[in-house]
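**Student:** Okay, predicted coordinates and the sequence, questions at the end:
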Amino acid sequence: MGGGWIGLILNVALVAGGLTLLGLAGVWLARQFRRATPISGSPSDPLEIARRRLAEGAITAPEFEEIRERLRD
């Protein structure tokens, strides 16, 4: 037939190797997309941005409290 037991073993190894490479490529792609998000010195969390603005004096304490309450809803 198609090589007997040796052919079967080689086919299974080939399929397993292909699936392994496909999985590794998926993990690599996921990591690349995660790194593609901008990593800057500024936080992306809205509450953290509001805290920083409060510390800089860009907003007042009552404005900060209003922002915090809106974000909690």
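**Tutor:** Perfect, I can see it now. Residues are numbered from 1 along each chain as shown.
**Student:** domains of the protein?
**Tutor:** 1-37, 41-73 (automatic domain parsing).
**Student:** in the shortest one, what counts as buried?
**Tutor:** To tie it back to what came earlier, the one meant is domain 41-73. 50-51, 54, 59, 64, 67 (16 or more other C-beta atoms under 10 Å). Quick note: C-beta positions are derived from backbone N, CA and C, even for glycine.
**Student:** which helix of the chain spans the most residues?
**Tutor:** Determined from DSSP state H, the single longest helix within the chain is helix 4-36.
**Student:** helix or strand right after it?
**Tutor:** Using DSSP states H and E, the helix or strand that follows helix 4-36 towards the C-terminus is helix 46-56.
**Student:** okay, the domains of the chain in TSV with mean pLDDT next?
**Tutor:** Shown next, in TSV, are the domains of the chain (pLDDT from 0 to 100):
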stretch	mean pLDDT
domain 1-37	87
domain 41-73	89
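**Student:** Nearest residue to the middle of this protein?
**Tutor:** Arg34 (3.9 Å; C-alpha atoms, centre = their mean).
**Student:** Would you mind measuring from that one to Arg53?
**Tutor:** 27 Å (C-beta to C-beta, to the nearest Å).
**Student:** got the phi/psi numbers for Ile59?
**Tutor:** phi -130, psi 160 (degrees, to the nearest 10).
**Student:** my guess is it meets Ala50, correct?
**Tutor:** Yes: contact criterion C-beta atoms under 8 Å: Ile59 and Ala50 qualify, at 7.0 Å.
**Student:** residues touching Gly3, list them.
**Tutor:** By C-beta atoms under 8 Å, 6 or more residues apart in numbering, the contact set of Gly3 is Leu10.
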